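**Student:** Here's my sequence, what's the structure:
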Amino acid sequence: MTDKEPTIIDGTGNLLGRTASIVAKKLILGERVVILNGERLVISGDPAYQVETFAAKLEIKTIHSPRLSPHHFRRPDMYVRRSVRGMLPHEKPKGRNALKRLTVYIGTPKEYAEKTPLSLPEATASKLRTKSMTVGELMQHFGWKT
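**Tutor:** Now for the predicted structure:
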């Protein structure tokens, strides 16, 4: 199964949660998945609230040993990967192997520029009526440089 061409998904304008759930299903089925433009995935909800909740996750939870606190990445591709991981049974071998088949890129690399990405109409954010922000915008609040 690994010699087969990967499923390529363009994250531009897609909702993060819906895209992550679709990708998780494909990974469990044994497909390789590549997400392009991971920083352009959309998070629905008030941007101020999103920044506040992510900032709360970054606080050190223990004075005794800060390195034992949860670690959260500030790169958009790692944030998307972590979102997909949350939808997989990552503590079991099946989930760990599925996560190894996922690749997330910031932007579009040269080897995927010519290929046509899979369209996900059920994950598009075009009809979204609430406030929203992209993963890249969220990560810029916490030090990610474009």
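
**Student:** In stretch 17-35, which residues are buried?
**Tutor:** 17-24, 26-28, 31-35 (16 or more other CB atoms under 10 Å). C-beta here means a position set from N, CA and C on the backbone, and glycine is covered the same way.

**Student:** which one of those sits closest to Y112?
**Tutor:** Using CB to CB, V34 comes nearest to Y112 of the buried residues of stretch 17-35, at 6.6 Å.

**Student:** What residue in this structure is the furthest from its centre?
**Tutor:** H64 (31.5 Å; CA atoms, centre = their mean).

**Student:** Helix, strand or coil: sort out it for me.
**Tutor:** Put simply, H64 is coil when judged by DSSP: H, G, I helix; E, B strand; the rest coil.

**Student:** What is the three-state secondary structure of A55?
**Tutor:** Relying on three-state DSSP, one would call A55 helix.

**Student:** Can you report how many residues neighbour it?
**Tutor:** Residues contacting A55 under the criterion other CB atoms under 10 Å number 11.
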